[in-house]
Structure formats: structure tokens, C-alpha cells
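1. Output the structure for:
(2 chains)
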Amino acid sequence: MSNSLPKSSGRMSISQSCSQDVIKQYSRLGLGRLLQSFLFFILFYLYLLLYVDLRLMYHGAGIITNFPVFYKGWTFFLPFLSYPGGPLEYLSAFLSQFFYYSWAGALVVTVQAWLLSICIDYLLKAANLSRIRWICFILPILLLVLYTRYAYHFATTMALLITLLIACLYIKMTLSWTTTLSCLSTFLFLSLILYCLAGGAFLLFAVICAIYELIFRSRWKMSLFILLSAAVIPYVLGLLVFRVSIVDAFCNSLPFSWKILYYEARKREVTIVYLLYLLLPLTLFVFGLLQILWRRFHFVKNRPKKKHRNKSPNLLLKMFFRYRHSPKLKWAVESLLLLVIAGSVVFFSRNENLRTRFKVDYYAYHKMWPELLTSAPHNPDNPFIAHAVNRALYHVGRLGYDMFSWPQNPDHLFLSDKKYKWMHWQIFDVFLDLGVVNMAENALTECLEGLGSRPMILQRLALINMVKGNSGSAKIYLGSLSKTLFHAEWANKYIDRLETDPGLSTDKYIQHLRSLCLDKDCPMYSLLKEKTLLQLLEKNSQNRMAFEYLMAYYMLNKNLSKFAQNLEHLHDFDYPELPTHYEEAALIYVYQTRKPLNLSRYPPSLQKRRQVEDFSRLLISYDRNKQAAYKELSKKFRNTYFFYLIFAPSGTKR
Amino acid sequence: MTRSQKPKKAKIYKSKKAKFIYALITCALIIYVLLCVFPDNEVSITQYNVINQPAKIQPDCTGTIIPPNIAPLNFIIKQKGAGYFVRIYSEKGNPIEIFSKKPTIVIPKRPWHELLDLNRGQQLNMDVYVESGTAASSSKGENIRWSRFQPITARIAHEDIDTFLVYRKIRPGHVTWRDMGIYQRNLSSFSETAILDNGYFKHGCVNCHTFCGNNPEKMLIGIRSAVYGSSALLVEGDKVRKIGTKFGYTSWHPSGRVAAFSVNKVRQLFHSAASEVRDVIDFDSVMAYYNLDSKTVKTTPNLARKDQLETYPAWSPDGRYLYFCSAPMTWSDKTVVPESYDQIKYDLVRASYNIDRNQWGQLESVLSAEDTSLSILLPRISPDGRWLLFCMCDYGCFPVYRQSSDLYMMDLEAAKQTGDFAYERLDINSS
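-> Predicted coordinates for the structure are as follows:
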């Protein structure tokens, strides 16, 4: 009979039994918590927006290899329905696209974190563990660590969110039900939905429900059934209905899926995701057990002892008593503690070098040269950053003047060492700028395989095919690009242009690239640096980048005779003055070989000559002991080619 | 009790009624939206201008032979317009009429199959009408918005095509890969299913796959995996067995007891300025054969000459000859691309074979690269043994990457009579 009573009647009886003061206190407490959450998540959002800058993650820097692509239309959507966890991957792919704009990405992540904390809060309340509700902030803090370290695990955290939402729904629906059958059917119904939506993440749902039923409802049979169904549902649905492999049936969408663990790049910070997944079940299990133990202990011991304790005159206890009974103070202390903990965790988990690499790569792709040169000094020794800096220096017209103000290495100019063999992402734009479009195409095609059909890659591939006159291939890339959310306009513009002007004769950039392209074909495995640069200059003597990179290549490899030979190309360009480093290299060449060098348009600078003499004198004063002279030479000549020539690694690598 | 329950019941009744009304309104709205999105496609064109050329469509099926069981040949009309109307008809049956606001023409499956099945051996016609954005005036002064192009015609074959086509699907990568698999496509519909997806073995490589005489019960698939090793998989019915050898290009003997295969030391190279970036060279290659009864791999001197590259095996349907391609190997260093890489040209040769005695005959030249000045590759013999189809390109062993690659045909029956292996370039090649 009591089961048939409407819910509201039960609620009424509770509220009636509460005094008005208690209600007020609760509502004040609720408001305080709301305000606390609001403050926390506002700061959360601002941190993501201003420090992390999620568009850097969208860009990926070639480090994030699992950032999903998203295309409009059914063709892209339908395959996601063919395997468990597919709908969630689709949703994650869609939401991830908002990372394109830092503010939108930060909003998506903040909402996700906020929902996670609400779910945890609700589940703890349902388990009568409101005292440890501060745990609900641990998940957002762990998320912050993930984003601070630029690790992309959005799909797995979305799976976690969906799982927790469904768990809340299960508890909410079964809260007032006492019959096992209705609970069972609800669990099965929600399980089926969750498994289709989030794949293996369903297992977490089952574990949470099993713990809840076992510890907080004391229904071990129900708990056992849930655990059994956790084994059966993925098997039946995954293997027999969706026909995926057994590993995928159980692990898809989980952080220990082979899709994550098989790839080194995707494993970054996966431990934090494990913590995210384990936090709630462990909390429920441990605190649930403690609760049971405490209750038993409570019944054995007498209560008055505790009262006696409170009357102790100890100052600390007094303060604690005051803290416990002053909601405002409690709120202030808790909020402060929360912010301090969150701030400390984030502070100690940040990786400035990694952040700089993401920033530099983003700026390099978007040709934001001044920003790149401002960010790069935070981690200038990184090969990829050094490589990007050289490109930026060329584009701002300072390569010949400032390149030795930055750390240099012969391998960094083209990332030519074997260890960079698979670093295609970082290199394609240099090839494109130089006019070696086939090498750029090669690198981009490798990126397409390694990083997926990211719009940035499709855009470059479309461009290259338009430069090469392969309009058929270009249209395929443009067609794909036109289905993306943020690059469709660019693609449609070129699709229309190809219709009206198939040769793209009016497109200045394409015409410029065509004027640079190599016309002499030769087979190669990797870029033949010197040969290719000379061929580029032969094709187009106005290819300034090829010239400057050739000179940089000779200087970096300390090949001054070749450098001197090719100085004649200077006349093809209108340098207002001889670039500083060229002058330094030329002077050294003259000093070393005792051969005159004719730089008719650029008379020798007396100041430079003095500088080289000073350098030489200083070195001799240390008996040509490089190590001994290093400190003093470094003070005066660090930014010169003389210094590089003496102290840089040998330039024998070709 | 009754007093207190009466108003509650009334409330419930009200809420139910309200829910019902809301549901009705929602349904009506959905129907309205659906009607707006998918308006009635029926259209009748009574007046039109006649254009004396066929409409440009892609893919263009003009003049093709269409198997009656093939899936609808959907196409895009490459003419600008505000609306499109296509009428597909043959001698018998109801014509199919499609109106579309977009140039993409999607033919309904069932009427298409019915029309083709009813008209085996007949001509299939497609009338294409395009609606212009602005009305044109006719000689009678009427405003005409539609233009009718010349009909596109194709012929419906008498015979059905084999229902399934099997292929490897992979992105056009150069060195690395992520997702790939062997898939089958039902040619009567658009459904595609995986035979072996590399997601099943942690993104390994799945490559050469060969059926024994188009029999889906017996096939070989090559896999390469860092975790599971590299091997050919022999599929016989429901059983799959690993053969501890890598198979390259493979061809089944018609008896199904022997499979000839090549072992290739492949190297990829890139062109700095050519239109196609990629190129492939075999640093070395030999031919071998696998005997299913004895489960042994063997070769014979004629199939594995040290100074020759051997590849692309193809058995004659009677099993008496193994055709393959062979080129002289003029370099000793098998680690670097030889200078003369663009001079490597393959001959087409064959060797006789007696399966009962496991006996190989002498090598016989079928077509020499010296005579054709082109590299002869990928021989395939028709099931009746009469026709030999092959590729020829300017050099090398990988015609897929060579723009110069064309298809050629040789009449083996005629060659038997005359002793001359004459061949001709097929008209279907692109210009």
C-alpha cells in the first residue's frame, strides 16, 4: 500500500518535519555551494581560455595524433552507428571541433567538467556521503592537469561523463523503487542504451551500480546480477550484434583500449584518465565500507564521550568548533583551500616547454611570425622550435641577420637527422615555401595517415594539387574540406574558382608557387638539401628562400668555400645591405683562405673587420683554448657566426 | 476518501488530455516539416528546348554495357541549373522518373533492378532535362524554363555480373598507414562489409589477397604485423591457417593444389618534380610455389634466376602454363636505387607445368619489352583461356603509378595457330 503512494506525499512529510530554520540553513548552504562551484568553474574557464588556449590542441602540433575529424552529412555519421561507442565518438568529434576557437573549446570543456562534478556530487549525496562532496572537484582538477599538459583524451572523458549521467539516472529512477524486478529492468534498459552509446565505458556504470546496490542498498543479489550482466552485455551486443572483436567489445571508449595504448603519442597522461575513471568507484567503495564500519563502531561505543570532548578548553578545538558552526567562515576556508589546491596542482603539472612547442607550431602554420618569434625564446633549443624560428626569420627578412642569435644546429634547418624521419608534420610547410611541392605532398600524405584527414592537411593537399594542375585530385580534397565546420568557405571558394578558371591563372599565391616549383625530376628518398636548393635556384633565380636556406645550409655546415661560391646570387636580390652573417662568413673565408672576395655592391665594413680581429685576438689570448675562452667570447660574440663556427657542432652531416 | 480523490482524478485526466493534444500538435508539426523538406517530386515537363548534345554526366556511362544486376548507376549532371529531371527507360516496363533540385541523381534501387531485369540485351536510355534559372523564349514567344539534352544510351547485358568484388581499402599513403582492410562490396547494392580489417590485429598491414578461381571458400591473404608476425593466411571454408611465408603477388593453380607467388624486395622512391610523387622498384624478386598437399614451398631455377627479376604470376585456366613477368637485374647493390631505374622493362614469359609430376618445362618468351619498348606487367587470362590482358608502361614494375600505363589484349588462340603473339591496345584506355 505504501508503495502506491505518490512521491510528493513522502517529500511533504519530510519537509513538514523540518523546521523553518533548518530549511533556511540548507538553502543558504546550497547557495554557498553553488557560488563556490560558480567561482571555481569561472576560474576553470578563464584558465583554459587564457593559459591553455585550446586552439593549440585543435592544431595538435603533430603531437596529438588522435584529435578527431568531423564532417557534415550522413555519410560521415552512419559508420559511427555500426559499433558500440560510435555515437559517443561522433559526439566527441563534433564537440572537439569547438577547440578551433579557444573560447568555445574552453566552454565545452568547462561544461563537461561542471557536469562531471554535478554527477559526482549527486552520486555521493545518493550514497549518503555528502560530507566528502569536495571529491566532486577532484575530477575537474584532474581534467585541468590533462589540458595543462596538452593531452587529448576528450572522447574518454566524454564516455566517463555519459556513464556518470546514466548512473545518476539509474539511481534517481530506482530511488523510490523497492522491487528488485523494476530495478533490474531499469538497469538492463539503461545498460543497453549506454553500451550502444559509449561502448566499454558501460563497464564503469555496472561497477558503480554494483557497488551502490551492494554497499548502500545491501542488495547483494542485485549487485551480483549487475556484475554478471557487465560480462554478458558487451559479449552479446558487441560480438554477436555489432560483430566487433572481443577486445573492442569490452574496451572501446575506455582509456585502456588498444586504440590508445598501442600508440605512444596517445598514451600521454593516460594515468590521469585512469584516475578519473577509478575515482568514483573507489570513493564509493572505500567510504561506503568506512560508513558501514563506523555505524557498527558507533553502536558499540557510547556517544556521551564525544560531548565531553567538545567541552575541552583546547584553543584549536575551539577554533574548529567555531569553524564548524560558522557557515560563512567554512565557505570561505573551503573555497580558498579549493582554489589553492587546484592552483598548486596546475602549477606543478604545467610544462612550459611543451606549451611553447604547441604555440610555435600553431603560429608557424598560421604564418604568425612575430608571435612565433616572441614565444620561441621559452624553449629555443628544441629542434622543432629552432626549425620554425629559421622559417620565421626568413619570412620577416631576418634570417641572414639574426639566425645566429638563436641556437643552431645543421640538422635543424630541414630536420634532416634520421631521428626526425617520421616528423612529417613539422616539415611540409618549409618544402611548400621553398617550392619542393612533391616533398611537401609526400610529407602531407604521411600526415594524413598518421593524424587523420585533418582540415589543415586537406587544405595543404588541395593547394599542392592545384599548384601541380591536378584539379581532379584537388577537387577531392576540396570536396572533403567543404564538409568541415570551419574550412568550408575556403574550399567552396576554390571549388568555384576551379569551375570558372581551371588554370587558376588569377590566383597570385598559386602562380607564385608554380614559379618556384622544380621542373627537373630526380628520384629521392628524402630531401637532397644542397642539390635541391641549387635546382630551385636554377629554376627560378628569384627564389629568395632557396638562396637564403642554401647560404644558411653552407654556414651551418661550415662549408665556407661553397658559401663564397654562391655569394654571386646576391645580385639577384635587392638586399639594402649585406646580411650580417653573410658578411661575417665572408670575412672568415677571406681570413682563412687569403683569397679576395668580390662583393662589389656591398663594400667591406670596417666595424665587422674589427670585430673579427677582436674575436681572433681574444681567442689567441687564451692560447686558442676554446673551452677557456668560451665565457668571454660568449659574452661579446654569442650572436655572431664567428662564435658558431668555433663552438657549434661539427657540420659534417649531410 | 472519495471526496479527496475526485479532484486528483480530474487533474490526471486533464494532464492526459493535455499530453494527447501536445502529441497531436507535435505530430502535425513533424508532418508539416517533412512535407516542406521532402516536397512532392512529381513533375511534368511539357515544353522544353532541345539541345543537340548529350548532357555531361559523371561518371559517364554512355555506350557502356550494364550488367542487369548492377546497383543503380547514380550520377551527377555537370550542367548548371535550378532543377534536374531524368527519365530512364527501355523497351519494356515503367520508366523511372527522377526530379531533383540538386545535380546529384540518385536512382531508386527497386525500379532500377526491375527495369534492367526486364530488358536484358536491350538498350537503356536516359533523358536528361535541366531547368534554367531564367526562362528562355521559344519561337512562339512562350517562356520555356527546361532544356532537354540528347538521350544517353547504354546497353543492358544478358548476363549478371558476379555479385561481390573484393579489394583492399587504404588511404593514398606513401610509407605509413593506420586503417586498412580487405573489404567486399555487393555490386547489386552499395553495401560493403569487411573481410579482414586491420583493427582486428592492432593496425598491422593486410595486403595481397587471391581467390582460388573466384571461389570465396578458398583464398590467400597476406598480413604483416609487429605483434602477430608476417605471414600468408590460407582460408579454406571456415578454417584459417597461417603459412609461415610471406606471399607477394599470388596466383592459384586451377586445381587449387598449388599457388605460385612472387617474393619481392620492394623499395619505394619519390620523384622530386613528376606529377606522381611515388614510384616503386623491386631491388630483387623471385618466383616460388606452395604445394597445399605437402605444405611445402618450392622453386625451380627457371622461376628464380639470379640475374633476373620475376613477378606477377598468372596461371592459364588449363593449368598448363604459368605466365609471369621478368626483367634483367643489371645491378649488384640491392640497397640503393640503380641509376638506370627508369630503364627497367619487364618481358612477358611463361613456363609449362605438369602438376601431376610437379615438373616444370622450359621458359618461353611470350612478349619481349625489346619489341614493345614498354614494360609488360600484370598478365590476366580470360576463363576460357583465349584472351590475355596485360598492362604496359614506360618502365618499372608498378603501373599504378605510371601515367603511361595502358591496357593491352592478346589472342592466345590465334597465337597458337600462327605462332605470333600479336597484341593490340584497347580502346577503353584514356587518351
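
2. the bottom helix or strand of chain A by mean pLDDT?
-> Here the helix or strand of chain A ranked lowest by mean pLDDT, DSSP states H and E is helix A:7-17, holding a mean of 41.

3. how about residue B:329, phi and psi?
-> Dihedral pair for residue B:329: phi -100, psi 110, per degrees, to the nearest 10.

4. Got the phi and psi for residue A:384?
-> phi -70, psi -40.

5. Mind pulling up the pLDDT for it?
-> Predicted confidence (pLDDT) at residue A:384: the value is 94.

6. residues in contact with the closest residue to it other than its chain neighbours?
-> Spatial nearest neighbour of residue A:384, excluding adjacent residues (C-beta to C-beta, 6 or more residues apart in numbering or on different chains): residue A:426 at 5.0 Å. Heads up, the C-betas are built off the backbone N, CA and C, glycines and all. Taking C-beta atoms under 8 Å, 6 or more residues apart in numbering or on different chains, we find residue A:426 in contact with A:62, A:361, A:384, A:387-388, A:415, A:420.

7. Equivalent analysis for residue A:544, please.
-> For residue A:544, the contact set (C-beta under 8 Å, 6+ apart) comprises residue A:573.

8. cool, and the one 5 residues further on?
-> With contacts taken as C-beta under 8 Å, 6+ apart, residue A:549 has the following neighbours: A:394, A:399, A:413, A:434, A:533.

9. Equivalent analysis for residue B:76, please.
-> Counting by C-beta under 8 Å, 6+ apart, residue B:76 touches B:57-58, B:103-105.

10. Look at the residue nearest to residue B:197 when sequence neighbours are not counted and tell me its secondary structure.
-> Closest residue in space to residue B:197, ignoring its immediate chain neighbours: residue B:181 at 3.7 Å, by C-beta to C-beta, 6+ apart. Using DSSP: H, G, I helix; E, B strand; the rest coil, the structure places residue B:181 in strand.

11. what number of residues lie near residue B:181?
-> For residue B:181, the count of nearby residues is 16 (other C-beta atoms under 10 Å in any protein chain shown).

12. and what of residue A:462?
-> Residue A:462 sits with 26 neighbouring residues when counted by other C-beta under 10 Å.

13. Check the one 4 residues further on too.
-> When counting by other C-beta under 10 Å, one arrives at 26 neighbours for residue A:466.

14. Going along the chain, name the helices of the stretch 1-150 of chain B.
-> Along the stretch 1-150 of chain B, the segments classed as helices by DSSP state H, counting those that start in this stretch run B:2-37, B:109-118.

15. re earlier: and the contacts of residue B:76, which are buried?
-> Neighbour counting with 16 or more other C-beta atoms under 10 Å in any protein chain shown marks B:57, B:103, B:105 as buried within the contacts of residue B:76.

16. between these, which is closest to residue A:409?
-> residue B:103 (54.6 Å; C-beta to C-beta).

17. burial of the residue nearest to the closest one when sequence neighbours are not counted, as a residue count?
-> Spatial nearest neighbour of residue B:103, excluding adjacent residues (C-beta to C-beta, 6+ apart): residue B:77 at 4.3 Å. Residue B:77 has 22 neighbouring residues, counting by other C-beta under 10 Å.

18. is it true that residue B:77 touches residue B:60?
-> No. Applying C-beta atoms under 8 Å, one finds residue B:77 not in contact with residue B:60, separated by 10.9 Å.

19. At the contact with chain A, which residues of chain B appear?
-> Within chain B, the positions lying close to chain A (C-beta under 8 Å from any C-beta of the partner chain) are B:171-178, B:199-200, B:202-203, B:269-275, B:277-279, B:337, B:341.

20. Let's see the PyMOL selection covering just the buried ones among these.
-> Those of those that count as buried under 16+ other C-beta under 10 Å are selected in PyMOL with:
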select buried, chain B and resi 173+174+175+177+178+199+200+203+270+271+272+273+274+277+278+279+337+341
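
21. Mind checking which of the residues of chain B next to chain A are in strands?
-> Judged by DSSP state E, the residues of chain B next to chain A include B:269-271, B:278-279 as members of strands.

22. possible to save these as JSON lines with pLDDT and distance to residue A:260?
-> Formatted as JSON lines, these follow (pLDDT from 0 to 100; distance: C-beta to C-beta, whole Å):
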{"residue": "B:269", "pLDDT": "88", "distance to residue A:260": "34"}
{"residue": "B:270", "pLDDT": "89", "distance to residue A:260": "32"}
{"residue": "B:271", "pLDDT": "90", "distance to residue A:260": "37"}
{"residue": "B:278", "pLDDT": "90", "distance to residue A:260": "31"}
{"residue": "B:279", "pLDDT": "92", "distance to residue A:260": "36"}
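
23. Out of these, which is nearest to residue B:97?
-> Once C-beta to C-beta is applied, the member of those that ends up nearest residue B:97 is residue B:278, at 45.3 Å.

24. I'd assumed residue B:173 was in contact with that closest one.
-> No. With contact defined as C-beta under 8 Å, residue B:278 does not reach residue B:173; the gap is 9.6 Å.

25. Show me the shaky parts of the stretch 151-300 of chain B.
-> Within the stretch 151-300 of chain B, not a single segment meets pLDDT under 70.

26. My reading is that residue B:195 lies in a helix. Confirm?
-> No. Per three-state DSSP, residue B:195 lies outside any helix segment and is strand.

27. what about it, neighbour count?
-> With neighbours defined by other C-beta under 10 Å, the count for residue B:195 comes to 18.

28. For the closest residue to it other than its chain neighbours, give me its contacts.
-> Nearest residue to residue B:195, sequence neighbours excluded (C-beta to C-beta, 6+ apart): residue B:182, at 4.4 Å. With contacts defined as C-beta under 8 Å, 6+ apart, the neighbours of residue B:182 are B:166-169, B:194-197, B:206, B:209, B:221.

29. How about residue B:116?
-> Applying C-beta under 8 Å, 6+ apart, we find residue B:116 in contact with B:66, B:68-70, B:90, B:124, B:156.

30. State the pair within the residues you listed that is farthest apart.
-> Comparing every pair within those by C-beta to C-beta identifies B:69 and B:90 as the most remote, at 15.2 Å.

31. now the helices for the stretch 301-431 of chain B?
-> Under DSSP H, counting those that start in this stretch, the stretch 301-431 of chain B gives helices at B:369-372, B:412-418.

32. Next, format these as TSV and append mean neighbour count.
-> Listed next are the helices of the stretch 301-431 of chain B as TSV, based on neighbours: other C-beta atoms under 10 Å in any protein chain shown:
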stretch	mean neighbour count
helix B:369-372	14
helix B:412-418	13
